[in-house]
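Engineer: give me coordinates for this.
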Amino acid sequence: MTQRFNFPKGVKSHIVKIPREIMNSDEQNIFATLRGLFDTDGSVLFDQRKVYSKPYPRIALQTSSRLLYLQVKTLLSRYFTVHTQTKRGTYLIEIYGHKQLEKWMQLIGFSNERHLNKIYKNYSPWGDSNPRPPHYQCGVLPLNYMGIHK
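Structural biologist: This next block holds a predicted model:
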């Protein structure tokens, strides 16, 4: 990574960015990069307030790198409604809503077990007893698996 993409060694939280080669590549590489970024540094939250008929999903990424924030915001804005917030040198990107989560799972998905378990717990037809669908592969779900449009 340090040689091919010129990643600097050491602390880089404020200067990290997606390499130009990936930014200019095809959707498959961009989606894989976003999946890896959100698997490691992102979070999946479900708002349990009673105002929602079912838990309301949020996919979030917080970073201290302004350049990474701008790149991710640009990439995600091509496919999603993105909500952003800036506070004291930190940048937050959020995607929320049931339809947005379904689209995320169709296009990008997750490989992080913790994220997947939260999602399947809230959306799996099998509930907690068997949170993995039989056709599970790399965290990306086929169209209409989650049943949000029903």
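
Engineer: what sits up against the helix or strand hosting residue 73?
Structural biologist: Residue 73 belongs to helix 66-77 when assigned by DSSP states H and E. Helix 66-77 is contacted by residues 14-18, 23, 30, 34, 37, 61, 63, 82, 84, 91, 93, 95 when judged by CB atoms under 8 Å, 6 or more residues apart in numbering. Using the backbone N, CA and C atoms, a C-beta is placed for each residue, glycine as well.

Engineer: now do stretch 34-54
Structural biologist: Residues from elsewhere that reach stretch 34-54 (CB under 8 Å, 6+ apart): 55-63, 72, 75-76, 98, 108-112, 114-115, 118-119, 122, 139.

Engineer: and stretch 17-34, what's buried?
Structural biologist: When neighbours are counted by 16 or more other CB atoms under 10 Å, the buried residues of stretch 17-34 are found to be 17, 18, 22, 30, 31, 32, 33, 34.

Engineer: can you measure across it, start residue to end residue?
Structural biologist: Between the start and the finish of stretch 17-34 there is a gap of 12 Å, counting by CA to CA, to the nearest Å.

Engineer: same check on stretch 30-50?
Structural biologist: The first and last residues of stretch 30-50 sit 36 Å apart, counting by CA to CA.

Engineer: how far away from the center of its chain is it?
Structural biologist: Averaging C-alpha positions (CA atoms, centre = their mean, to the nearest Å) puts stretch 30-50 3 Å from its chain's average.

Engineer: buried stuff in that stretch?
Structural biologist: Neighbour counts over stretch 30-50 (16+ other CB under 10 Å) mark 30, 31, 32, 33, 34, 35, 37, 38, 39, 42, 44, 46 as buried.

Engineer: how near is the fourth one to residue 51?
Structural biologist: Right, residue 33. Look at residue 33 and residue 51: by CB to CB, to the nearest Å, they are 35 Å apart.

Engineer: quick one on the thing from earlier: can you name the two of the contacts of helix 66-77 that sit furthest apart?
Structural biologist: Across those, the longest distance by CB to CB is 24.7 Å; it joins 15 and 95.
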